[in-house]
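1. Sequence plus predicted model, see below.
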Amino acid sequence: DAGVIQSPRHEVTEMGQEVTLRCKPISGHNSLFWYRQTMMRGLELLIYFNNNVPIDDSGMPEDRFSAKMPNASFSTLKIQPSEPRDSAVYFCASKGTGNTGELFFGEGSRLTVL
Amino acid sequence: AQSVTQLDSHVSVSEGTPVLLRCNYSSSYSPSLFWYVQHPNKGLQLLLKYTSAATLVKGINGFEAEFKKSETSFHLTKPSAHMSDAAEYFCVVSDGSTGGFKTIFGAGTRLFVKA
């Protein structure tokens, strides 16, 4: 099992540019989560999907952020336009069926917006 | 509503001495509780989990945690710290109040291990 795969691992971009982060969950997992981690705010849940449907996006900071899950094996988190305060590490995690299952995290995408 | 509080933002121990990382939780339902570890520039890795079976849970790398319902606690311990244990540790609660989908992370405790 390859685990949760995120790309890119590192992204440096300029303010105003569009950023797309990608995630491939573990095969067979039906829940997918996007988190953001910063020194100031720690780990924040942005959005989660169940069976490809967004369940709760209340953690998405503003309309510049959007997330999609077109199928069970792929999700994107898009920031348009990006701002310096979006600089953070973005983690994707997936979980199997049942509410006792653990989350499996990817290695994260480190975003720097100049 | 569910919540989790990690009582210490930083803990410093000497190598070979015991580790105690404290966690209290609040949950309206029977919770599942987890401890995750994050080493620098890495993702989070599961250390151990409690899911209503034995109250003393053993995890990887010699860590264990005890679920105490009366105290609403799930403290993480290790008898003897190793330098490689230096990392950030997250206590996590998940319950059925939101269909089991929402998982709440504590703020994290950074563990320092002195030689």
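-> Nice, I can see it. Residues are numbered from 1 along each chain as shown, chains lettered A, B, ... in the order given.

2. Show me the strands in chain A, by range?
-> With DSSP state E as the criterion, chain A has strands at A:5-7, A:10-13, A:19-24, A:31-38, A:42-50, A:53-56, A:65-71, A:74-79, A:88-95, A:104-105, A:109-113.

3. Next, count neighbours for the nearest residue to residue B:77 once chain neighbours are set aside.
-> Distances taken as CB to CB, 6 or more residues apart in numbering or on different chains put residue B:20 closest to residue B:77, at 5.4 Å, once the chain neighbours are dropped. For glycine as for every other residue, the C-beta is placed from the backbone atoms N, C-alpha and C. Residue B:20: 12 surrounding residues under other CB atoms under 10 Å in any protein chain shown.

4. Kindly report the same for residue A:69.
-> 21.

5. again with residue B:56
-> Quick note: residue B:56 (other CB under 10 Å) scores 9 neighbours.

6. got it, and residue B:90?
-> Neighbours of residue B:90 (other CB under 10 Å): 22.

7. For residue B:111, name its beta-bridge partners.
-> Beta bridges link residue B:111 to residue B:11, residue B:87, judged by DSSP bridges.

8. Need the per-residue pLDDT for it.
-> Looking at residue B:111, its pLDDT reads 97.

9. Quick one: low-confidence residue ranges for the chain.
-> As the question left the chain open, I've gone with chain A. A:1, A:98-101 (pLDDT under 70).

10. Let me rephrase: I mean chain B.
-> Looking at chain B by pLDDT under 70, you get B:95-102.

11. which residues does residue A:111 contact?
-> A:11, A:13, A:19, A:21, A:79, A:82, A:86-90 (CB atoms under 8 Å, 6 or more residues apart in numbering or on different chains).

12. can you pull the contacts of residue A:97?
-> Contacts of residue A:97 by CB under 8 Å, 6+ apart are residue A:30.

13. ok, it to residue A:57 distance?
-> 22 Å (CB to CB, to the nearest Å).

14. Please tell me how far residue B:23 sits from chain A.
-> Separation of residue B:23 from chain A (CB to the nearest CB, to the nearest Å) stands at 15 Å.

15. Run a quick neighbour tally on that residue.
-> Neighbours of residue B:23 (other CB under 10 Å): 24.

16. Which residue is the nearest non-sequential neighbour of the residue nearest the centre of chain A?
-> With distances taken as CA atoms, centre = their mean, residue A:34 lies nearest the centre of chain A, 3.2 Å away. Sequence neighbours aside, residue A:46 is the residue nearest to residue A:34 in space, at 4.4 Å (criterion: CB to CB, 6+ apart).
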